[in-house]
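Asks: give me the fold of what follows.
(one chain, ligands or ions: 2)
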Amino acid sequence: LGARLSGALVKMSKSSKVDQDVVDACLKEICTALLQADVNVRLVKQLQTNVKMSLNLEDLQSGFNAQRILQKSVFQELTRLMDGGKPWVPKKGKQSVVMFVGLQGNGKTTTCTKYAYHYKRKGFKVAMVCADTFRAGAFDQLKQNATKARVPFFGSHTETDPVKIAEEGVERFRTEKVDIIIVDTSGRHKQESALFEEMRNISEVVQPNNVIYVMDGAMGQAAHDQALAFRDTVDVGSIIVTKMDGHAKGGGALSAVAATRSPVCFIGTGEHMDEFEPFEAESFVSRLLGLGDFKGLMNKITDVIPEEAQEEMMEKLSQGSFPLRFLYDQFTNIQEMGPMSQVMSMLPGMANMMGGGRDKESAANIKKYMTLMDSMTTKELDNPDTEKNMKMLSETSRINRIVRGAGRQYRDMYELITQYKMMAKMVGKMKQMKLPKKGPVNAR
Ligand code: GDP
Ligand code: MG
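Replies: Numbering: from 1, shown residues only. Ligands and ions are numbered 1, 2, ... in the order given. Next up is the predicted model:
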């Protein structure tokens, strides 16, 4: 999508005059790209109309600003569509039951644990109830997860009625004064109607304060109907989108938000219980548009980089500047940041550079690129003018010096430079997106 979008915008910037036809053609291309990213057809139509209405042809005709205006408008419109309102949150001192629904394999059980762990760390007393009697081993899975998170749990190996288990479990934890009682459910039945009836029955006995619909971020056009089906059965209050660490752009999530009119509260970014983040519409849309998860990356960076170094980096990035030194520092930091592929996927172009994001290959590539940068001069590393620097770095004598000094191949250098150029271009674009300046630093 990112490539298509930029393609459309470049086309527009090349047109000598921006008229309605050019804008329409460009918008059409963006919409095609969104459809391919699994955004619901009706939503795309709506977006197209809204963007068109918000655009002022006279503004667009002012020339070089045109693509910026259109891009910003698309970004804002998507962010607005993705905003389903303020999600429900548990309150301290008030007992809540939270029921999780969604089809099997979407990540419910994993997400229940993440949710429990998240609120446990915030000082809530939490507990989990396994009301999935359909899947063999469901209780063992929940038990294992809960034990790992040190969260009390309830379930049964012998009872076959999930409604009974749910009722008993919730009752027990109510008397034990648990703050958040999490009810995990099944996601499959021999008959679909039976599943929905089961959800309705469980919901009736446990009287949830919130029902969370868990969906796989890779879900495509089917997301709309599926979310709607759950919404018609139980009172879905919020959504959690899982597996956002993979290649999924999450277009289906937009459909689910629209279908249920419920906000996304969290996203799942891995199999482990701490790979769980509060949802942020702007980051999500950036990712959907292929602009990289700027804010998410910033949050990660602030975890490992000393504060005085952060300011400078934020400043540079938000000005659209991306000197090679920054890439070098990223590599150093990434080595301390843990699950590498996760961090990588947030920076535009990074995934490419890392050979598909497999950690072992990534580590080898990082080393390769770092040795090359080690044989560069300070001037080459710190030049804030990417274009000039790239011109400089295409001089044969420089390339020879660097490649020889690093004991690497010419093609390694070529790879590094090609990818770096692409990333610098992306960062340059971020500047236009009005992204947060020192947000994460102040938030702490
Ligand atoms: P359920 O059937 O809905 O309860 O789904 P599970 O919780 O059993 O998860 C199904 C699979 O998805 C498991 O292998 C999980 O480890 C995996 N999974 C769940 N959430 C995520 C996520 O955010 N990222 C990744 N990569 N895998 C996930
Ligand atoms: Mg499960």
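Asks: so is residue 127 in a helix, a strand, or just coil?
Replies: Under DSSP: H, G, I helix; E, B strand; the rest coil, residue 127 falls in the strand class.
Asks: er, residue 134 I mean
Replies: Secondary structure for residue 134, judged by three-state DSSP, is coil.
Asks: please report the distance of it from residue 115.
Replies: Distance check for residue 134 against residue 115: by Cβ to Cβ, to the nearest Å, it reads 21 Å. The way it works is simple: take the backbone N, C-alpha and C, and place the C-beta from them, glycine included.
Asks: got it, and residue 49?
Replies: Here the criterion is Cβ to Cβ. By it, residue 49 lies 37 Å from residue 115.
Asks: these two: who's more crowded?
Replies: Between residue 49 and residue 115, counted using other Cβ atoms under 10 Å, residue 115 has the larger neighbour count: 27 against 12.
Asks: now that one, nearest residue through space, not along the chain?
Replies: In space, and not counting its chain neighbours, residue 115 is closest to residue 182: 6.2 Å by Cβ to Cβ, 6 or more residues apart in numbering.
Asks: what's the one you found sitting at in phi/psi?
Replies: Main-chain dihedrals, residue 182, degrees, to the nearest 10: phi -100, psi 120.
Asks: quickly list what it is bridged to.
Replies: residue 98, residue 128 (DSSP bridges).
Asks: and it, what does it touch?
Replies: Contacts for residue 182 (Cβ atoms under 8 Å, 6 or more residues apart in numbering) come out as 98, 100, 112, 115-116, 126-129.
Asks: do that again at 10 Å, thanks
Replies: When contacts are counted by Cβ atoms under 10 Å, 6 or more residues apart in numbering, residue 182 touches 96-100, 111-113, 115-116, 119, 126-130, 142, 146, 151, 153, 169-170, 173, 208, 212.
Asks: tell me the helices and strands packed up against the helix or strand encompassing residue 284.
Replies: Under the criterion DSSP states H and E, the helix or strand holding residue 284 is helix 281-288. With contacts taken as 3 or more Cβ pairs under 10 Å, 6 or more residues apart in numbering; DSSP states H and E, helix 281-288 sits against helix 2-14, helix 66-82, helix 251-260, strand 264-268, helix 294-304.
Asks: same question for it, mean pLDDT?
Replies: Averaged over helix 281-288, pLDDT sits at 79.
Asks: only alpha carbons, please: show it as PDB.
Replies: Coordinates of each C-alpha in helix 281-288 appear next as PDB, following Å, rounded to 0.1, in the frame of the first residue of the first chain:
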ATOM      1  CA  ALA A 281      -5.200   5.400  15.800                       C
ATOM      2  CA  GLU A 282      -2.400   7.500  14.300                       C
ATOM      3  CA  SER A 283       0.300   4.800  14.600                       C
ATOM      4  CA  PHE A 284      -2.200   2.300  13.200                       C
ATOM      5  CA  VAL A 285      -3.100   4.400  10.200                       C
ATOM      6  CA  SER A 286       0.600   5.200   9.600                       C
ATOM      7  CA  ARG A 287       1.200   1.500   9.400                       C
ATOM      8  CA  LEU A 288      -1.800   0.900   7.200                       C
END
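Asks: tilt between it and helix 251-260?
Replies: Put simply, helix 281-288 runs at 130 degrees to helix 251-260, going by axes from the mean of the first three to the mean of the last three Cα atoms, to 10 degrees.
Asks: right, and residue 274 touches residue 121 too?
Replies: Yes: counting by Cβ atoms under 10 Å, residue 121 is a contact partner of residue 274 at 8.9 Å.
Asks: now do the shared contacts for the two.
Replies: Counting by Cβ under 10 Å, 6+ apart, the residues touching both residue 274 and residue 121 are residue 149.
Asks: run a quick neighbour tally on the residue in the chain positioned nearest to ligand 2.
Replies: Among all residues of the chain, residue 109 sits closest to ligand 2, at 3.3 Å; criterion: Cβ to the ion. Residue 109: 25 surrounding residues under other Cβ under 10 Å.
Asks: list the contacts for it?
Replies: Contact analysis of residue 109 by Cβ under 10 Å, 6+ apart lists 100, 128, 130, 132, 135, 138-139, 141-142, 144-146, 184-185, 187, 214.
Asks: quick check: beta-bridge partners of whatever residue of the stretch 151-300 of the chain ends up closest to ligand 1?
Replies: Per Cβ to the nearest ligand atom, residue 268 is where the stretch 151-300 of the chain lies closest to ligand 1, at 2.7 Å. Counting by DSSP bridges, residue 268 is bridged to residue 276.
Asks: so how far is residue 211 from it?
Replies: Counting by Cβ to Cβ, the gap from residue 268 to residue 211 is 17 Å.
Asks: neighbours of residue 242, how many?
Replies: Neighbours of residue 242 using other Cβ under 10 Å come to 29.
Asks: thought it was touching residue 277?
Replies: No: at 11.4 Å, residue 242 does not count as touching residue 277 under the criterion of Cβ under 10 Å.
Asks: shared neighbours of these two, anything?
Replies: Listed as contacting both residue 242 and residue 277 by Cβ under 10 Å, 6+ apart are 114, 266-269.
Asks: where are the low-confidence patches of this structure?
Replies: Filtered on pLDDT under 70, the chain yields the residue ranges 1-18, 58-68, 71, 290-314, 317-318, 330, 333-362, 426-444.
Asks: just the strands in it please.
Replies: Remark: strands assigned in the chain by DSSP state E are 96-101, 126-131, 153-154, 180-185, 210-216, 236-242, 264-268, 276-278.
Asks: turn those strands into a markdown table, columns for distance to residue 321.
Replies: Output for those, formatted as a markdown table (distance: least, Cβ to Cβ, whole Å):
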| stretch | distance to residue 321 |
| --- | --- |
| strand 96-101 | 44 |
| strand 126-131 | 44 |
| strand 153-154 | 50 |
| strand 180-185 | 44 |
| strand 210-216 | 37 |
| strand 236-242 | 32 |
| strand 264-268 | 29 |
| strand 276-278 | 27 |
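Asks: dump those into CSV; add distance to ligand 2 as well.
Replies: Below are those laid out as CSV (distance: least, Cβ to the ion, whole Å):
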stretch, distance to ligand 2
strand 96-101, 9
strand 126-131, 8
strand 153-154, 13
strand 180-185, 6
strand 210-216, 9
strand 236-242, 12
strand 264-268, 13
strand 276-278, 16
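Asks: looking at the ones you listed, spot the one closest to residue 285.
Replies: Taking Cβ to Cβ, strand 264-268 is the member of those nearest to residue 285, at 11.6 Å.
Asks: helices or strands up against the closest one?
Replies: Here strand 264-268 touches helix 108-121, strand 210-216, strand 236-242, helix 251-260, strand 276-278, helix 281-288, going by 3+ Cβ pairs under 10 Å, 6+ apart.
Asks: could I get these as CSV with distance to residue 225?
Replies: Output for the helices and strands packed on strand 264-268, formatted as CSV (distance: least, Cβ to Cβ, whole Å):
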stretch, distance to residue 225
helix 108-121, 19
strand 210-216, 12
strand 236-242, 14
helix 251-260, 8
strand 276-278, 27
helix 281-288, 20
